[in-house]
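Asks: Here is my input; please provide its structure:
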Amino acid sequence: MSPPPRRPFRFRPRSTLALWGLVLAFAGCDGSSQNLPVPDAGACVQGNCPQPDSGTPVDPSGTRVRIAAFNVHRLFDTVCDTGSCGGTNYEELPTPEQFEAQVGQLGPAITALNADIVMLEEVETQNSLDGLLTKVPQFPHSHLGETYTKASVDVAVLSRHAITEVRSHRSQYIYRPDGSATRFSRDLLEVHVDVDGTRVIVFAAHFRSKVDDDPGRRMAEANAAREILLASAKEFPDAMIVLGGDLNDIPGSEPINALDQALLRVAKDRPDNETWTYFYSGRGQAIDHLYLAPNGGGVYVPGSFRVAREPTGGYGGSDHGAVYADFALTPP
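Replies: Numbering: from 1, shown residues only. Coordinates of the predicted model:
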């Protein structure tokens, strides 16, 4: 069916750091709220780096929430859905032993982030997610943004706290700069979490990759994501709203500039040489990001953004580093 002609974008509510050596100490597994320590922010705290405006001064006595985003890199299950798996085919078909080894690396890496909420990218199926969940029992709540296509690598959210609502944005039309209609490459998964009475809303994203590139689609995703977050901020003025994931573009690119227009990219107060998450063509690139929407529910803790990565790049067996930051909640 052909898409409708372009019209003004409208959101319609629906129901329903770098770590160069050892990783962080493992988190506890009781799922309780934590007043998390702020990592050493280095020179930026001394004024050598620009500090983004987080809106409101941080209340040192308030509850802090650590939010992370991590592209786990092609977490395929052990079932061949397409009928063409392994070798040069897109869908991988790991043996049970290979799958166990992959989640066996990812689980401790995710645990070491000591995060309350983790947004994941490149999870194929619920079976893939379930296998990973056995390695991270501190997250009793989760949701997969399944697109229901064979061998899709989708987004997911893990949470220590109860998930109260989930919304999908996969089916809505979004528009490239030339006016042509498309949709999000993967679901822009919206998950509402109750943290000590404060609504925390996370949007797990994975924008169009640059393989067989379609830059207009990535631009459409950025513009639509920005407007969806701003609409969410208006609908839930007392919530804290965070977008995170592999956005497949770097600061200064048109899609990232489009998000920067209205959202706070929290890595802005870290040196550029510490914020890269992916190694490509001989250099590190910052393509995984966290954004905070302007709202009343919480603020970014300045200097707390970090990239967890291993000395050779990548993290937990993935080819991406994991990004995370601390946020201070505003009491309800």
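
Asks: Send me the biggest helix by length in the chain as PDB with only the CA atoms.
Replies: Secondary structure of the chain read by DSSP state H shows that its longest helix is helix 215-235. What follows is helix 215-235, C-alpha atoms only, in PDB (Å, rounded to 0.1, in the frame of the first residue of the first chain):
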ATOM      1  CA  PRO A 215      21.000   9.200   4.700                       C
ATOM      2  CA  GLY A 216      17.500  10.600   4.200                       C
ATOM      3  CA  ARG A 217      16.000   7.900   6.200                       C
ATOM      4  CA  ARG A 218      18.400   8.500   9.100                       C
ATOM      5  CA  MET A 219      17.500  12.200   8.900                       C
ATOM      6  CA  ALA A 220      13.800  11.400   9.000                       C
ATOM      7  CA  GLU A 221      14.400   9.200  12.000                       C
ATOM      8  CA  ALA A 222      16.200  12.000  13.800                       C
ATOM      9  CA  ASN A 223      13.600  14.600  13.100                       C
ATOM     10  CA  ALA A 224      10.700  12.300  14.000                       C
ATOM     11  CA  ALA A 225      12.400  11.100  17.200                       C
ATOM     12  CA  ARG A 226      13.000  14.700  18.300                       C
ATOM     13  CA  GLU A 227       9.300  15.600  17.800                       C
ATOM     14  CA  ILE A 228       8.100  12.400  19.500                       C
ATOM     15  CA  LEU A 229      10.300  13.200  22.600                       C
ATOM     16  CA  LEU A 230       9.100  16.800  22.800                       C
ATOM     17  CA  ALA A 231       5.500  15.600  22.500                       C
ATOM     18  CA  SER A 232       6.100  13.100  25.300                       C
ATOM     19  CA  ALA A 233       7.600  15.900  27.400                       C
ATOM     20  CA  LYS A 234       4.400  17.900  26.900                       C
ATOM     21  CA  GLU A 235       2.200  14.900  27.700                       C
END
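
Asks: who's in contact with it?
Replies: Residues outside helix 215-235 that contact it (CB atoms under 8 Å, 6 or more residues apart in numbering): 9, 11, 13, 169, 172, 174-178, 180, 182, 184-185, 188, 190, 201, 203, 205, 207-208, 239, 241, 243, 247-249, 254-256, 258-259, 261-263, 291, 293-295. For every residue, glycine as well, the C-beta is placed using N, CA and C.

Asks: Among those, which ones are in helices?
Replies: Mapping the contacts of helix 215-235 onto helices (DSSP H) picks out 254-256, 258-259.

Asks: Okay, and the beta partners of the spatially closest residue to residue 246 that is not a sequence neighbour?
Replies: Of all residues not flanking residue 246 in the chain, residue 71 sits nearest, at 4.4 Å (CB to CB, 6 or more residues apart in numbering). Counting by DSSP bridges, residue 71 forms beta bridges with residue 121.

Asks: For residue 71, give me its contacts.
Replies: Residues in contact with residue 71 (CB under 8 Å, 6+ apart) are 120-122, 206, 245-246, 288, 318-320.

Asks: Next: residue 250.
Replies: By CB under 8 Å, 6+ apart, residue 250 lies in contact with 256, 285-287.

Asks: Give the next helix or strand downstream of the strand or helix carrying residue 132.
Replies: Secondary structure from DSSP states H and E places residue 132 in helix 126-133. Downstream of helix 126-133, the first helix or strand assigned by DSSP H and E is strand 141-145.

Asks: quick one: the next helix or strand after that following strand to helix 126-133, angle?
Replies: As assigned by DSSP H and E, the chain's next helix or strand after strand 141-145 is strand 154-159. Interaxial angle, strand 154-159 versus helix 126-133 (axes from the mean of the first three to the mean of the last three CA atoms, to 10 degrees): 40 degrees.

Asks: which residues are contacting strand 154-159?
Replies: By CB under 8 Å, 6+ apart, the list of residues contacting strand 154-159 reads 110, 116-124, 129, 133, 136, 139, 141-147, 163, 186-187, 189, 191, 193, 202, 204-206, 245.
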